[in-house]
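Q: build me a model:
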Amino acid sequence: MNDLLTILSAHPRLGAKKVDSIHSQSEQSSLGGGPDETQALAQLNREYEDIFPGLRYVTFVNGRLRGEIMEDMRERIGKGRKRVGEGAVDVRDTVWRGEVVDAIEAMCKIAGDRVKKLLATC
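A: Sure, this is the predicted structure:
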């Protein structure tokens, strides 16, 4: 499980200014938005990571609007808060484990989309 969490936590935060992967830069540039939205997204990232320790919010961004993604973040944070109030969800909790599954599925979608784009350039 530790190796998996290392991989998930290496995923760039949505809206982060410094993103190493050229693919992530391209995908995140489609999010658009102004400084207020960027600040709100940074706050949502912090809240998510506080409620789900050891995880980062991972989703398939490409082609989705920032507002849609932020709403999904709020819903998932809310699901965690409903479970524990203002604390953190325990790693043994089914809600925390569900977030791991969602993150893995999102990373698979991201990888599949990137492979399709790379093959299209061959």
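
Q: going by C-alpha atoms from here, please, whenever you check contacts or count neighbours.
A: OK.

Q: show me how far stretch 103-113 is from its chain's centre.
A: Relative to the mean C-alpha coordinate of its chain, stretch 103-113 is positioned 11 Å out (Cα atoms, centre = their mean, to the nearest Å).

Q: try stretch 92-101
A: 14 Å.

Q: report the backbone C-alpha coordinates of that stretch in PDB.
A: What follows is stretch 92-101, C-alpha atoms only, in PDB (Å, rounded to 0.1, in the frame of the first residue of the first chain):
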ATOM      1  CA  ARG A  92      -8.800   2.100   7.500                       C
ATOM      2  CA  ASP A  93     -12.200   3.700   6.800                       C
ATOM      3  CA  THR A  94     -14.100   2.700   3.700                       C
ATOM      4  CA  VAL A  95     -14.500   6.300   2.700                       C
ATOM      5  CA  TRP A  96     -10.700   6.800   2.700                       C
ATOM      6  CA  ARG A  97     -10.300   3.600   0.800                       C
ATOM      7  CA  GLY A  98     -12.900   4.700  -1.700                       C
ATOM      8  CA  GLU A  99     -10.900   7.800  -2.400                       C
ATOM      9  CA  VAL A 100      -7.900   5.600  -3.100                       C
ATOM     10  CA  VAL A 101      -9.900   3.500  -5.600                       C
END
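
Q: for that stretch, which outside residues touch it?
A: Outside stretch 92-101, the residues within contact range by Cα atoms under 8 Å, 6 or more residues apart in numbering are 52, 55, 79-80, 83, 89-91.

Q: which parts of the strand or helix carrying residue 119 are buried?
A: Here residue 119 sits within helix 94-120, counting by DSSP states H and E. The neighbour-count check on helix 94-120 (16 or more other Cα atoms under 10 Å) flags 95-96, 99-100, 103-104, 106-107, 109-110 as buried.
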